[in-house]
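**Student:** fold the following.
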Amino acid sequence: MTASLLTQLSARVGQVFETCDLDPKFGKVVLSQRRELGQFQCNGALAAAKSAKKNPRDIAQTVLEALEKTGIFAELSLAGPGFINMKLTDEFLKSHLNTIAADDSFGIREEHNSEKVILDYGGPNVAKAMHVGHLRATIIGESLRRLHVFMGDDVISDVHFGDWGLPMGLLIKEIELQKPDLPYFDADNEGPFPAESPVTVDELQELYPAASSRSKENPEFLEAAREATFELQKGRAGYRALWKHMLDVSIAETKIDFDLLGAHFTEWKGEADTNDHIPSMLERFASNNLSEESDGAIVVRIAREDDKKEMPPLILQKSDGAVMYGTTDLATIEMRQLEHDPDSILYVVDARQGLHFEQVFRAARVGDSLDADATLEHVGFGTVNGKDGKPLKTRDGGVVRLRSMIEDAIGEARKVVEEAGLKDKFSSEELEDIATKVGIAAIKYADLSNQRMSNYVFDLERFTKFEGKTGPYQMYAAVRIKSMLRKATDQGIASGDIVVTHEAERNLMLALSQLSEAVFAAADKSAPNILCDHVYALTQEFNSFYHDCQVLGESDEAIRASRLKLCEITLRQIEAVLDMLGIAVPERM
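**Tutor:** Modelled structure (predicted):
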């Protein structure tokens, strides 16, 4: 098994602490914050001194002397009250890099025990265009999917369509008002029904706001919609056929947005898929005395004695027999357990839904809906704001459509690419491909580079720049290396064994060795921003290396071949991390 560099060093230093009758955990090694003192640092002597009641510098000196005998350190020194600074030998660093570079996953899959992970993200709704609120759910969810796939996990991604409940009843009754002669509204008609949808997605996006407005002004219409919802859920043929048409045209529309964002789902299930499971779930909860009646509704009480805030019960069924979102979410957990037996289920949903998921997760534990060892996690996130610091809106105050955001980003990228003088270098097709990839990279990196719970300001002009901490900047570093490798091939120059002759080479090798920590930390915290930080640090180190070290122009053949090898490894890793972020790199720019 290929352990990460920090893991190896921590193990070695921990063993030394153990020989001194001290807890090996004191041997934890971290990256040094002061490169002039060393590449790594161990600060455990200070904590060890408290438990051993000894001088920390004496402990550190004993550990240092033992480490000198391992032969893997070029330099060891003490600083302050007992900080141990370390610099690896070039041979040890080179050996580690060669080992991880020989593996497609840079050794990460060997370190990781594969799990079955279900990711629930995207969350589009029937009859509603995807909007800015779906941006983060899709981008973060897709990045986590790619991250877990890279680690070797068995990943199931489910879009979990919003296709059930009162909105469907509202649409049915609104369509009936506007198109009363359609065959779907005859309760005695069991079909067959037309194969073509009687409504387009554009019509649905006008029908739903009209129905919603009408329900607020007309109590009779609202009651009719509730009745239609109930009959739909009970299986009325005409309503089911009309619902299926609405679902199909909505899915076709959302797939366009998902394709633009490079989001991939293994399952296109929705709330409606739980309909047949819900009755047995309700019966089980009732028969096991896990649910109870409250004001005519069926609820699960989930409050705990140690709660520091009020935790309302989860409503499973309203007094009129209708089920709630919590009911379908709980049933979804049970079905996922039955169908997939997952190790974890992650829900990438707006942070403002935190209470809802806390209720559902607690109810799942109460009802043993999921294996006790399996984890449930709400991966919440903040809002996308305008330059005024408020949630992003259109000029007239409406919700910004996701499609228009993507198109705006590609348009801004197209302008930047043309201003960079690339218009005359490429065909119109290749130029459009570059602009699309730059635009998507700009949106994704800007979103993912933020800690996900924080809000951020949407600023396309800044996001599309080829400098600073932006997606196009990381992308350009990879393209630059691709160009260099093509020139090397044209000149018949091959890569070779790594030899270390310059500090910039060491720093680049160290940056490459830190991928493992970034990947596992990003997975543990469901935080793609850690991957963004890693790839940015890596491109920074590569640019310093590129500035300080000749590659193709190096006269020494062995050094030239070595530096070309470092370029190859760097390109592989940049592309691997960008792919985890959902960013595709063009061949040329």
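**Student:** residue 78 falls within a helix, correct?
**Tutor:** No - going by DSSP: H, G, I helix; E, B strand; the rest coil, the assignment for residue 78 is strand, not a helix.
**Student:** hmm, residue 62 and it touching each other?
**Tutor:** No - contact criterion Cβ atoms under 8 Å: residue 78 and residue 62 do not qualify, at 10.9 Å. Backbone N, C-alpha and C define where each C-beta goes, glycine included.
**Student:** what about the helix or strand bottoming out on mean pLDDT in the chain, distance to the chain center?
**Tutor:** Every helix and strand in the chain was compared by mean pLDDT, DSSP states H and E; the lowest is helix 460-463, with a mean of 83. In terms of Cα atoms, centre = their mean, to the nearest Å, the centre of helix 460-463 is set 22 Å apart from its chain centre.
**Student:** doesn't residue 466 belong to a helix?
**Tutor:** No - counting by three-state DSSP, residue 466 is located in no helix; its state is coil.
**Student:** contacts only, for residue 518.
**Tutor:** Contact partners of residue 518, counting by Cβ atoms under 8 Å, 6 or more residues apart in numbering, are 530-531, 533-534, 577.
**Student:** so it belongs to a strand, correct?
**Tutor:** No - looking at residue 518 with three-state DSSP, it is helix, so not inside a strand.
**Student:** what's the closest non-adjacent residue to it?
**Tutor:** residue 534 (3.7 Å; Cβ to Cβ, 6 or more residues apart in numbering).
**Student:** any idea how far residue 245 is from the residue of the chain positioned farthest from its centre?
**Tutor:** Ranking residues of the chain by C-alpha distance from their mean position (Cα atoms, centre = their mean) puts residue 188 at the top, at 47.7 Å. Separation of residue 188 from residue 245 (Cβ to Cβ, to the nearest Å): 20 Å.
**Student:** quick check, residue 483 in contact with residue 588.
**Tutor:** Yes - here residue 483 reaches residue 588: they are 7.1 Å apart, a contact under Cβ under 8 Å.
**Student:** tell me how far the residue nearest to residue 518 lies from residue 420.
**Tutor:** Going from residue 534 to residue 420 by Cβ to Cβ gives 27 Å.
**Student:** now stretch 119-138 - C-alpha only, PDB.
**Tutor:** Extracted in PDB, the C-alpha atoms of stretch 119-138 (Å, rounded to 0.1, in the frame of the first residue of the first chain):
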ATOM      1  CA  LEU A 119     -25.100  11.300  -3.900                       C
ATOM      2  CA  ASP A 120     -28.400  13.200  -4.100                       C
ATOM      3  CA  TYR A 121     -28.000  16.500  -5.900                       C
ATOM      4  CA  GLY A 122     -29.400  18.700  -8.700                       C
ATOM      5  CA  GLY A 123     -33.000  18.600  -7.400                       C
ATOM      6  CA  PRO A 124     -34.900  20.000 -10.400                       C
ATOM      7  CA  ASN A 125     -38.600  20.300 -10.400                       C
ATOM      8  CA  VAL A 126     -41.300  19.500 -13.000                       C
ATOM      9  CA  ALA A 127     -42.500  22.500 -14.900                       C
ATOM     10  CA  LYS A 128     -39.900  24.800 -13.400                       C
ATOM     11  CA  ALA A 129     -36.800  26.000 -15.300                       C
ATOM     12  CA  MET A 130     -33.600  25.400 -13.400                       C
ATOM     13  CA  HIS A 131     -32.400  28.600 -11.800                       C
ATOM     14  CA  VAL A 132     -29.400  30.000  -9.800                       C
ATOM     15  CA  GLY A 133     -30.500  28.000  -6.800                       C
ATOM     16  CA  HIS A 134     -29.700  24.800  -8.700                       C
ATOM     17  CA  LEU A 135     -26.200  26.000  -9.700                       C
ATOM     18  CA  ARG A 136     -24.400  25.200  -6.400                       C
ATOM     19  CA  ALA A 137     -26.300  21.900  -5.800                       C
ATOM     20  CA  THR A 138     -25.300  20.700  -9.300                       C
END
